[in-house]
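> could you look at this predicted model? Sequence included:
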Amino acid sequence: MAYIAGEARACQAVRRHLIQERNWPRKAVTVKAFRAPGKRGLD
């Protein structure tokens, strides 16, 4: 199980790496993006 929190683009990159390159099941990766440049409502 991985819990990823941080800037939205970094979270997406880490999630993509774990799922596509490390073959982790999608359900084992939880993401909480708390910031995205120019976006609102991700707190």
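Sure thing, it's come through.

> secondary structure element holding the residue nearest in space to the middle of the chain?
For the chain, the residue sitting closest to the mean C-alpha position, by Cα atoms, centre = their mean, is Cys11 at 3.1 Å. Per DSSP states H and E, Cys11 falls inside helix 8-16.

> what comes up buried for that helix?
Buried residues in helix 8-16, defined by neighbour count with 16 or more other Cβ atoms under 10 Å: 8, 11, 15. Heads up, the C-betas are built off the backbone N, CA and C, glycines and all.

> my read: the last one touches Ile4, true?
It refers to Arg15. Yes: using Cβ atoms under 8 Å as the test, Arg15 is close enough to Ile4 to be in contact (6.2 Å).

> which residues are in contact with both of the two?
29, 31 (Cβ atoms under 8 Å, 6 or more residues apart in numbering).

> would you check that Gly6 makes contact with Phe34?
Yes: between Gly6 and Phe34 there is a contact under Cβ under 8 Å: 6.9 Å.

> which residues does Gly6 bridge with?
Ala33 (DSSP bridges).

> next, count neighbours for it.
Counted with other Cβ atoms under 10 Å, the neighbours of Gly6 add up to 13.

> mind pulling up the pLDDT for it?
pLDDT for Gly6: 91.

> residues in contact with it?
Neighbouring residues of Gly6 by Cβ under 8 Å, 6+ apart: 33-35.

> for the helix holding Cys11, packing partners?
strand 2-7, strand 29-35 (3 or more Cβ pairs under 8 Å, 6 or more residues apart in numbering; DSSP states H and E).
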